[in-house]
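**Student:** fold the following and give me the result.
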Amino acid sequence: MKADWVDEAQEVTQLLAENQINRIRNSLCCAGVSLAECEMCGNDIPEARRCAVPGVRLCVGCQEVREFNVRCGTGRTI
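**Tutor:** Next up is the predicted model:
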């Protein structure tokens with residue numbers, strides 16, 4: 001019987017995580033089309049990233065720098 005509780009808890013946790021991921025993705029959606037090249041550095045943006053984040057404009061590296069600057073309060077965004 002304990003395994004049933006654990007399975008149920010894992011299922012609920014998975015559903016909550018998927019729900020949160022979908023909420024985040026929906027909040028990031030832009031009206032525009034995803035770019036093939038990063039608008040900051042010009043590097044290619046992989047197809048998988050363009051599909052996962054509709055309207056993406058930055059490569060992963062530039063996005064990480066942007067988020068770091070926002071978190072650290074530098075006020076500088078890319």
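**Student:** give me the helix or strand of this protein that scores worst on average pLDDT.
**Tutor:** For the chain, the helix or strand with the lowest mean confidence is helix 2-28, at a mean of 85 (criterion: mean pLDDT, DSSP states H and E).
**Student:** can you give me how far that helix is from the chain middle?
**Tutor:** 17 Å (C-alpha atoms, centre = their mean, to the nearest Å).
**Student:** what's whichever helix or strand comes after it in contact with?
**Tutor:** As assigned by DSSP states H and E, the chain's next helix or strand after helix 2-28 is helix 47-52. By C-beta atoms under 8 Å, 6 or more residues apart in numbering, the residues outside helix 47-52 that reach it are Arg25, Ser34, Leu35, Ala36, Val56, Cys59, Val60. In this view, the C-beta of every residue, glycine as well, is placed from N, C-alpha and C.
**Student:** let me have those in CSV, extended by neighbour count and distance to Phe68.
**Tutor:** Compiled in CSV, these are given as follows (neighbours: other C-beta atoms under 10 Å; distance: C-beta to C-beta, whole Å):
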residue, neighbour count, distance to Phe68
Arg25, 12, 21
Ser34, 16, 22
Leu35, 15, 21
Ala36, 10, 24
Val56, 23, 18
Cys59, 21, 14
Val60, 14, 12
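**Student:** so can I have TSV of those residues showing distance to Gly42?
**Tutor:** Output for the contacts of helix 47-52, formatted as TSV (distance: C-beta to C-beta, whole Å):
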residue	distance to Gly42
Arg25	25
Ser34	15
Leu35	10
Ala36	11
Val56	15
Cys59	9
Val60	14
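**Student:** just curious, which of those is nearest to Ala9?
**Tutor:** Arg25 (24.7 Å; C-beta to C-beta).
**Student:** for stretch 52-71, which residues meet the burial criterion?
**Tutor:** Val53, Val56, Arg57, Leu58, Cys59, Cys62, Gln63, Val65 (16 or more other C-beta atoms under 10 Å).
**Student:** so of those, which ones are in helices?
**Tutor:** Among the buried residues of stretch 52-71, DSSP state H puts Cys62, Gln63, Val65 in helices.
**Student:** outline the domain layout of this structure.
**Tutor:** 1-30, 32-72 (the TED database).
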